[in-house]
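Novice: Show me how the following folds:
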Amino acid sequence: MLELLPMVFAAPNEALARAEEVLGSDPSPLPASVAHQVIGLWQRDWGDIRTAVHHLRRARDLAARAESPEREADVVSALGVALIQAGRTRQGLEALERGVAVSSGHTRARILFRRAYASWVLGHHREALDDVRRAIPVLRQADDVIWTARALTLRATVHLALGAVERADADFTAAEALWETTGQEHDKADAVESRGLAAYRSGDIPAALRLLDEAKERYAKLGTPTFMLNIRRCEVLMAAGLAPEALAEADAAIKVLDGIGGQSTLKAELLLAAARAARLAGDAHTAIARADMAVRLFAGQRRSWWETHARLVLIEARVAVGRGSGRLVADAAAVADRLASFGAPAAPEASLLAGRIALDLGWREDARKHLEVAARSRHGGPQLARMTGWAARALWARADGSDRRVLEACRRGLDVLDDHRTTLGASELRARATAQGAELAGLAARASLTSGGPRRLLVWSERWRATVLSAPPTRPPADPELLSDLTAFREIAARAELARTEGRPVPTLEREQRRLEREIRARTLHIRGDAPGDGDRFDPGRLLERLGDDVRLVELAVLDGRVQVLLCGQGRVRRYEAGLLADAEREAEHVQAGLRRLAHPGAEARLPVVEAAGRRLEELLLGPAAAQLGSGPVVVVPPGRLHRVPWALLPSLRERVFSVSPSSSSWLRARDTVAPPGAGQVLVRGPGLATGGAEVPELAGRYGSATVLEHEDARVERVLEELDGAGLAHIAAHGTFRADSPLFSSLRMADGPLIVHDFERLDRSPYRIILSCCDTARFASVGADELLGLVTALLPLGTAGVVACSAPVNDEAVVPLMLALHKGLSGGASMAEALRDARAALPGDSVHQATGWAFSAFGAA
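Specialist: Next comes the predicted model:
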């Protein structure tokens, strides 16, 4: 009968069925005790905690009737763990103490492990280490492989909680070697999960996501819920900049846990994860609600370590809604002291928080004291702790009036984050990771303006702008499963689109499409970065040299909500102050609405309204700099939040050669990109266009030797094959922008959508590419100042120039614009020159004018 106990974590559901079968056969007390313990353990970890306590009490009573002290001690300790997980901490600890007192030898070592586990749950990490260190030698001497591996895994987990990553890694490695000699499938899945946690704590986010996803698959095969895995995934998702997803996962897990009557201790930890995620996602009120519930649960469970962490999040959220006060300074300082006494890595965060609040209140001496404590973490430990330390250093330097020390601290802090970002292969993760450096970048920008003038402000504006474009994403490996998922996604998406056009319901297809999207995205996020950090720092002197005397570059920075115009050219950088960013964003949305209406005949009366909005936009975005642009070409470098501005509508740019670039650095790279020798033209015509892509046949006749892909030839894999290394590509296809998942923004091909993930598989994207369809120049603004979309996917891959559209347009009006654009390119014009001339050649009616305004040239080709 005792063989059923290890089976609980080898084949959980089979163990449960066999235990229930034993109880149905009127067993004697000893086998009945084992059966009840098996059911209690299953319910404790994957079911109703109250049912678990009931069965474990029955198991204890039956062991006493069987007159088996060792059996009774074992069950009592299992009951103690369940009571603690039910939130009945005092009773649970008493049961564990009783089990230790009445046991000896091998059994006592197992009970010490259980008490160590309970101490870890309660946040008593040093007590946990003491017990597990006493247990391991005895378990090894007894050649108890399973319990030795469990003890090593627990000790590693406690080491991680205390920030001792190397010790944890050694224990995880030793435990994994032991697990491989057993059939404990659930324990093996737990080992994979633990390795994922270790990867996260060592800063390897892609590996952490991959291992946690592998653990999830293993648990799914066993049919067991994975609440601890949910908590750990939330931690990693938050570190990856995916806080809204972490919040959704935590809330969903809480709902499931409540539904089965699961562990109260796990619910408290999930509430804490949800509170952290809500705060990072900018939802301070949800964070307050979740953190307050977590504090109360942890307090009732006597889990001081956890309660203190929850109080930290609660204070952070209250500050975020503007509730800074002297009381909160004291509360944050008390939390910092308690976390430090626990040896918790989060202690510097609490000191930084206390310093921030004190600074806002003008309490300089208190602020200095707390910020100096927080700043001690800048020289060692995990990336977040070092970032926290440099942020504290920068804040105090600003309060102390030392711009030089502010800039040095910001530089060092952003260098730490740069090292972290280079480990990320996926462009989405690299973009979102920049949010962690936004405060440092802002502090540096303000300090540079007061101490170094416009040129230094330009350098810092570039330091944290469109950093994802500084290196191409790591190409996905030749992963058959990823390629299979991409093919399946394409097929399902095409079937769903056909069903919609025929008016048929598509919920099943949409569910499968969403599942495949999750699979593709997960595999992409697992990719580890292989590109070195951008050692080629931005040099304003090099920029001014490339601009020469004729070209002007206008970089728009935002300081304290106001647009600062940095006008570069003629060997100098000048600064002008323009309007408020929020006003410009609102005006840009009004303009977009006007362009949508002008895309349809009969809206001519809106044309003067849209033109007037363009004038207001110019005043808000360029201010007095509009009169200083000279007569030559202009490069516009807007912040991410202004990506929807149709720049051709601004009066000072309307008849001018201009291009748009996500950053000055990106423009320099595009300018230095050389067209591949002998590269040809590729013309692609997708299905379903109102005009049928009417420009493509005429362009084919003009170019003669161009590769033309249309009808069934315009399939994704064939299109990618021809695009790779092309000199010029023109794609006439329906575009779809996905604000919810920008890397699934797509162009419709004959066999389904061509998505951004597909473009990232190219060795080299076309030197020039024209996307003659709606919404291809729309982006998602993420992180600090990053853009994700079709255009920004192409620029790091070798594309030097793109023409794309930021609004819905009239398909018929696009045809003459595209034909005129190619005429200019064939005559040797740049993309910006050809687009300017193509706009001028259009008829003067509102539909054609709006179509011309909606397109922009990106890059420098």
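
Novice: where along the stretch 51-200 of the chain do the helices fall?
Specialist: Remark: helices assigned in the stretch 51-200 of the chain by DSSP state H, counting those that start in this stretch are 69-85, 89-102, 105-122, 125-141, 145-161, 165-179, 185-201.

Novice: Just the angle for the longest one relative to helix 125-141, thanks.
Specialist: Counting by axes from the mean of the first three to the mean of the last three CA atoms, to 10 degrees, helix 105-122 lies at 150 degrees to helix 125-141.

Novice: Can you mark which positions in helix 105-122 are buried?
Specialist: Going by neighbour count (16 or more other CB atoms under 10 Å), the buried part of helix 105-122 is 106-122. Using the backbone N, CA and C atoms, a C-beta is placed for each residue, glycine as well.

Novice: before we move on, what about stretch 237-247?
Specialist: Under 16+ other CB under 10 Å, the buried positions of stretch 237-247 are 237, 238, 239, 240, 241, 242, 243, 245, 246, 247.

Novice: any chance of the residues you listed in TSV, with distance to residue 557, pLDDT and secondary structure too?
Specialist: Putting these into TSV (distance: CB to CB, whole Å; pLDDT from 0 to 100; DSSP: H, G, I helix; E, B strand; the rest coil) gives the following:
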residue	distance to residue 557	pLDDT	secondary structure
237	31	94	helix
238	28	94	helix
239	28	91	helix
240	27	90	coil
241	22	90	coil
242	27	93	coil
243	26	95	helix
245	30	95	helix
246	31	97	helix
247	31	97	helix
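
Novice: and of these, the nearest to residue 221?
Specialist: Using CB to CB, residue 237 comes nearest to residue 221 of the buried residues of stretch 237-247, at 23.0 Å.

Novice: Do you know the pLDDT at the spatially closest residue to residue 413 that is not a sequence neighbour?
Specialist: Nearest residue to residue 413, sequence neighbours excluded (CB to CB, 6 or more residues apart in numbering): residue 390, at 3.1 Å. As predicted, residue 390 sits at a pLDDT of 96.

Novice: got it, and residue 533?
Specialist: Residue 533 is assigned a predicted lDDT (pLDDT) of 52.

Novice: same check, this time on the one 4 residues further on
Specialist: The score at residue 537 is 82. That number is its pLDDT.

Novice: gap between it and residue 410?
Specialist: Separation of residue 537 from residue 410 (CB to CB, to the nearest Å) stands at 14 Å.

Novice: more crowded one of these two?
Specialist: Neighbour count, other CB atoms under 10 Å: between residue 537 and residue 410, residue 410 has more, with 29 against 9.

Novice: which residues sit in contact with that one?
Specialist: 390, 394, 440, 441, 443, 444, 447, 460 (CB atoms under 8 Å, 6 or more residues apart in numbering).

Novice: try 6 Å
Specialist: 394, 440, 443, 444 (CB atoms under 6 Å, 6 or more residues apart in numbering).

Novice: Also residue 89?
Specialist: So residue 89 contacts 301, 302 (CB under 6 Å, 6+ apart).

Novice: Residue 499 now?
Specialist: residue 506.

Novice: same thing but 7 Å
Specialist: Residues counted as contacts of residue 499 (CB atoms under 7 Å, 6 or more residues apart in numbering) are 506, 509.

Novice: any idea of the mean pLDDT for the strand or helix carrying it?
Specialist: Using DSSP states H and E, residue 499 sits within helix 480-501. Averaging pLDDT along helix 480-501 gives 90.

Novice: Quick check: bridge partners of the closest residue to residue 494 other than its chain neighbours?
Specialist: Setting aside the residues directly before and after it, residue 494 is nearest to residue 752 in space (CB to CB, 6+ apart), at 3.7 Å. Beta-bridge partners recorded for residue 752 (DSSP bridges): residue 749.

Novice: Tell me the pLDDT of residue 752.
Specialist: 94.

Novice: is it true that it touches residue 492?
Specialist: No: counting by CB atoms under 7 Å, residue 752 does not reach residue 492; the two are 8.0 Å apart.

Novice: Residue for residue, what is the longest helix the chain has?
Specialist: Secondary structure of the chain read by DSSP state H shows that its longest helix is helix 438-463.

Novice: That helix: which residues count as buried?
Specialist: Applying 16+ other CB under 10 Å to helix 438-463 flags 439-449, 452, 454-463 as buried.

Novice: and residue 318, what is it in contact with?
Specialist: By CB under 7 Å, 6+ apart, the contact set of residue 318 is 288, 328.

Novice: could you redo the last one with a cut-off of 8 Å?
Specialist: 284, 288, 328.

Novice: Filter those down to the ones in strands?
Specialist: Using DSSP state E, no member of these falls in strands.

Novice: And the residues you listed, which is closest to residue 551?
Specialist: Distances from residue 551 to these, taken by CB to CB, are shortest for residue 284, at 44.7 Å.

Novice: Now do that closest one against residue 602, distance only.
Specialist: Taking CB to CB, one finds residue 284 at 46 Å from residue 602.

Novice: So for these two, which residue has more residues nearby?
Specialist: Ranked by neighbour count (other CB under 10 Å), residue 284 and residue 602 place residue 284 first, with 18 against 10.

Novice: Which stretches in the stretch 251-400 of the chain count as helices?
Specialist: Counting by DSSP H, counting those that start in this stretch, the helices of the stretch 251-400 of the chain are 264-280, 284-300, 304-320, 326-342, 347-361, 364-375, 383-399.

Novice: What's opposite residue 708 in the beta bridge?
Specialist: In this entry, residue 708 is beta-bridged to residue 683, by DSSP bridges.

Novice: burial measure for it, as a count.
Specialist: Neighbours of residue 708 (other CB under 10 Å): 19.

Novice: how about it, what does it touch?
Specialist: Contacts of residue 708 by CB under 8 Å, 6+ apart are 683, 685, 696, 700.

Novice: In helices only, show me those.
Specialist: Within the contacts of residue 708, residues falling in helices by DSSP H are 696, 700.

Novice: Among the contacts of residue 708, which pair sits farthest apart?
Specialist: Most distant of the contacts of residue 708, by CB to CB, are 685 and 700, 9.4 Å apart.
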